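**Q** can't give you the sequence, but here's the structure:
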């Protein structure tokens, strides 16, 4: 039996999900709010945020978590409500809410959540930028709760 995929796994550049003008606007905003991030990295963050959101939209109910850098992209995008709402409608058919999980444990723990998230992005056909999903020490960049702003385990 052969299974035909809509697109080969891991071959679509996630930046293609975002209008180029919006992509640049978000990247510039990231660099203004986070001066330690350069424009090329900010562009990569926007792309990986798009992949994360699109992958999560394909299979709601999975517990997916952004990396610390992707969470910056998500927070930035939410501030651009018209652009964010349009993107959500196009990729998910609905608004994708950002819901912090301050009091809920991450199913399977942070490493499992990271692997589940990366697997979902790959299954959706998007390439992964590994540098944006790992901390400098090579560990998952998320805290126990799955939100970079969570006070748990800081």
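**A** On my side now, so go ahead. Remember, it's a predicted structure, so these values are computed and weren't measured experimentally.
**Q** hang on, isn't residue 27 packed against residue 48?
**A** No - the pair residue 27 / residue 48 is not scored as a contact, 11.8 Å apart, by Cβ atoms under 8 Å. Where you see a C-beta, it was placed from the backbone N, CA and C, and this is true even at glycine.
**Q** more neighbours: which of the two?
**A** Each of residue 27 and residue 48 has its neighbours counted (other Cβ atoms under 10 Å); residue 48 has more, 27 against 24.
**Q** ok, the more buried one - contacts?
**A** If you count contacts by Cβ atoms under 8 Å, 6 or more residues apart in numbering, residue 48 has them with 14, 67, 69, 70, 73, 128, 129, 132, 133.
**Q** distance to residue 38 added to these, as TSV?
**A** Output for the contacts of residue 48, formatted as TSV (distance: Cβ to Cβ, whole Å):
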residue	distance to residue 38
14	19
67	17
69	12
70	17
73	14
128	20
129	14
132	13
133	18
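**Q** please name every helix or strand in contact with whatever helix or strand residue 114 lives in.
**A** If you go by DSSP states H and E, residue 114 is part of helix 110-123. The contact analysis (3 or more Cβ pairs under 8 Å, 6 or more residues apart in numbering; DSSP states H and E) places helix 110-123 against helix 39-58.
**Q** tell me the helix or strand right after the helix it packs on.
**A** Taking DSSP H and E, what comes next after helix 39-58 is helix 68-79.
**Q** show me how far the helix or strand just after that next one is from its chain's centre.
**A** Going down the chain from helix 68-79, the next helix or strand is helix 81-92, by DSSP H and E. Centroid separation for helix 81-92 versus its chain: 14 Å, with Cα atoms, centre = their mean, to the nearest Å.
**Q** ditto for stretch 50-63
**A** 9 Å.
**Q** residues in contact with that stretch?
**A** 14-15, 17-18, 64, 66, 70, 74, 87-88, 91-94, 96, 106-107, 113, 116-117, 120-121, 123-124, 126-128, 146.
**Q** with stretch 89-99 instead?
**A** 17, 50, 53, 54, 56, 57, 74, 75, 78, 85, 88.
**Q** now the buried members of those residues.
**A** 17, 50, 53, 54, 56, 57, 74, 75, 88 (16 or more other Cβ atoms under 10 Å).
**Q** residue 34: which of those is nearest?
**A** Nearest to residue 34 among the buried ones among the contacts of stretch 89-99, counting by Cβ to Cβ, is residue 75 at 10.2 Å.
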